[in-house]
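S.K.: how would this look folded up:
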Amino acid sequence: MVGGVPDRIGKYDVLAYLATGGMAEIFLGRAPSGRPVVIKRILPHLARQSGFVTMFIDEARFGSLIRHPNVVEVHELDQVGSDLFMVMEFLEGENTSGLLRRLVHRDERLAYGLAAHVVAEACRGLHAAHQLRDEAGRPLGLVHRDVSPQNVFITYDGDVKVLDFGIATAAYRLSHTATGQLKGKFSYMAPEQCRGEALDARADVFALGVVLFELSMQRRLFARSNELLVLKAVCEEPIPRPSRERPDYPAFLEDICLRALARDRDARYASAQQLHDDLVTARQLLLGTADPRALLAGEMARLFADRRERKRATLQHVRDGGDAGAMPATEVDESVVVPQATQHTPVSSAVAVIEAAPAAPPRRGRRVLAAFGVALAAAAAVVAVPAMREARGRDGSPLPIEGAASAAPVAPTAPAAPAAPAAVPPPVEPTAPPVPAEIVVTIESEPQGARVTVDGEEVGVTPYELRRPSGAPPAALELRHRGYRTLRQTIRADRDQRLVLALRRRAAAKADDGGGGFHRFD
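M.R.: Numbering: from 1, shown residues only. Reported below is the predicted structural model:
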């Protein structure tokens, strides 16, 4: 052990200290295979307290059960001696909190279509978590409870991942929150969460609405000077209409955002899947046929080429058996304060608002490294992408086309004089895009390489893109894989979508479970 940092935890080499939270400390590690991993170890003084131990085990258990491309993967939970730890996948990228800071710092704006895309991808991961069942097949009723920009991560390849189920609640978790106890970040809580009421998936939908507002407006929505004022703002103050401050804000995106932010949970989207579907509609209207993942990856590469290359060089050094060395700082533009929505502060003036942040005490021996995986990195991506279709504002006039990636930053429109607060009228459903002539159904399986049969005809292996005329009758899908039970499912050509199907091994499958798990996305 050097300077309080262990040389090994279990079978993993510890290469660097990354951060310490309220319950655990996090390290960059190396698996025996040479693969970089993130190791999260419960703090030693908490490892003797059963309440914290059960919370830690719950987090690892939920993470290992959720197998979805939009959720960070937990590889294992283990205990060696007094060390209780989990091992997670290492992510190269930046979190959305840093994205907001970078946008404000550079006086740039995120394209509305990309804001819709990031939140839509987070919806995918959260819907998979909400639908999660335990090992006995019982619905867990999982609620994340801490959805925020810090826990929505964007990789350099353009993937979006939901992180940190440490305070998630579920029907069958080992630890339970006392009645009336608040957990999570107050400015992203749903009103019912602030009141200490029982929660369901709609609480996470509200938090996603806050993230969507802040990503698309480059402003904090509920940030106030103290926690009491934050709770009052969440529960009582009028939700500002984005179009009052940004006349070019798309009407259909505003309707989606306000519906997600409905204080009455019965007026809110009933699920993250429903919110996802409307955001995909908005994304298609704003971006047309452009690939949002590729656009996002391109912007990450353009804006953070230096950080990306330094990190990748470090990782290669780790894979080759070396120590980690120095890495880019944890927070990019961390001294920049993202303005509150109620301040009506132009984005261009926000860079002058500076807040001193206390520095973390350094560790001796090994250099204190910046985290850049699993919600520890924070930077930003500003995107300006060509719109393939013309979108219109609330008054019916064409919206400005979101320019090419190399274009200069978009100067924000000066905000109108603040108007007296008014009650928000009920949001209306967004206008649907034109019905395409062809529907694309992307079929994936776990494991991949399953043979795909549609209406009795074998057409290929997973991953497979099935193209059908829009409105075609339902098709009978079968997946076959050696050693696994045949999975059968009816698919409908009602919209572009992605199917992620988990196959069950023959020996472990139940006779009545249909052969595997099924999730429908997009």
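S.K.: pull the longest helix from the chain.
M.R.: Identified as the longest helix of the chain according to DSSP state H is helix 112-130.
S.K.: so how far is that helix off the chain centroid?
M.R.: 6 Å (C-alpha atoms, centre = their mean, to the nearest Å).
S.K.: just checking, what packs against it?
M.R.: Packing contacts for helix 112-130, counted by 3 or more C-beta pairs under 8 Å, 6 or more residues apart in numbering; DSSP states H and E, involve strand 152-155, strand 160-162, helix 201-217, helix 251-260, helix 272-287, helix 292-303, strand 516-521. (C-beta placed from N, C-alpha, C; glycine too.)
S.K.: Now with 6 Å, please.
M.R.: Counting by 3 or more C-beta pairs under 6 Å, 6 or more residues apart in numbering; DSSP states H and E, the packing neighbours recorded for helix 112-130 are strand 160-162, helix 201-217, helix 272-287.
S.K.: Could I get the average pLDDT for that helix?
M.R.: Mean pLDDT, computed over helix 112-130, is 95.
S.K.: cool, stretch 263-279 as well?
M.R.: Here the average pLDDT along stretch 263-279 is 96.
S.K.: List the buried residues for it?
M.R.: Buried residues in stretch 263-279, counted by 16 or more other C-beta atoms under 10 Å: 265, 268-269, 271-279.
S.K.: and the end-to-end length of it?
M.R.: Between the opening and closing residues of stretch 263-279 there is a gap of 20 Å (C-alpha to C-alpha, to the nearest Å).
S.K.: Any chance you could list what contacts that stretch?
M.R.: Residues from elsewhere that reach stretch 263-279 (C-beta atoms under 6 Å, 6 or more residues apart in numbering): 116, 119-120, 123, 126-127, 191, 201-202, 205, 256, 260, 262, 430.
S.K.: and if you look at stretch 472-481?
M.R.: Defining contact as C-beta under 6 Å, 6+ apart, one finds that stretch 472-481 is touched by 445, 450-451, 453-455, 486-493, 503.
S.K.: Which positions in it come out as buried?
M.R.: If you call a residue buried by 16+ other C-beta under 10 Å, then stretch 472-481 has these buried ones: 475, 477-481.
S.K.: Nearest to Pro238 among the contacts of stretch 472-481?
M.R.: Closest to Pro238 out of the contacts of stretch 472-481 is Arg492 (40.0 Å), distances taken as C-beta to C-beta.
S.K.: okay, now the closest one: neighbour count?
M.R.: 15 (other C-beta atoms under 10 Å).
S.K.: Leaving aside the residues adjacent along the chain, what's closest to it?
M.R.: Once flanking residues are discounted, Arg492 sits nearest to Pro474: 5.0 Å by C-beta to C-beta, 6 or more residues apart in numbering.
S.K.: What separation is there between the one you found and Val454?
M.R.: 11 Å (C-beta to C-beta, to the nearest Å).
S.K.: and Gly449, that one's in a strand?
M.R.: No - in this structure, Gly449 is coil, not part of a strand, as judged by DSSP: H, G, I helix; E, B strand; the rest coil.
S.K.: change the start of the numbering to 15 and stick with it
M.R.: I'll keep to 15 as the first residue from here, and by that count the last item is Gly463.
S.K.: Pull up the gap between it and Asp334, please.
M.R.: 31 Å.
S.K.: Check Pro20 too.
M.R.: Noted for Pro20: a distance of 22 Å to Asp334, by C-beta to C-beta.
S.K.: One more: Tyr283?
M.R.: Separation of Tyr283 from Asp334 (C-beta to C-beta): 47 Å.
S.K.: Tell me the one of the contacts of stretch 277-293 nearest Leu513?
M.R.: Closest to Leu513, out of all of the contacts of stretch 277-293 and judged by C-beta to C-beta, is His141, at 13.5 Å.
S.K.: show me where this protein has helices.
M.R.: Counting by DSSP H, the helices of the chain are 64-79, 110-119, 126-144, 205-208, 215-231, 241-249, 256-259, 265-274, 286-301, 306-317, 319-333.
S.K.: As PDB, could you dump the C-alpha coordinates of the fourth one?
M.R.: What it means is helix 205-208. Extracted in PDB, the C-alpha atoms of helix 205-208 (Å, rounded to 0.1, in the frame of the first residue of the first chain):
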ATOM      1  CA  PRO A 205     -42.400  16.700  -6.300                       C
ATOM      2  CA  GLU A 206     -43.600  13.400  -4.800                       C
ATOM      3  CA  GLN A 207     -40.000  12.500  -4.000                       C
ATOM      4  CA  CYS A 208     -39.600  15.800  -2.200                       C
END
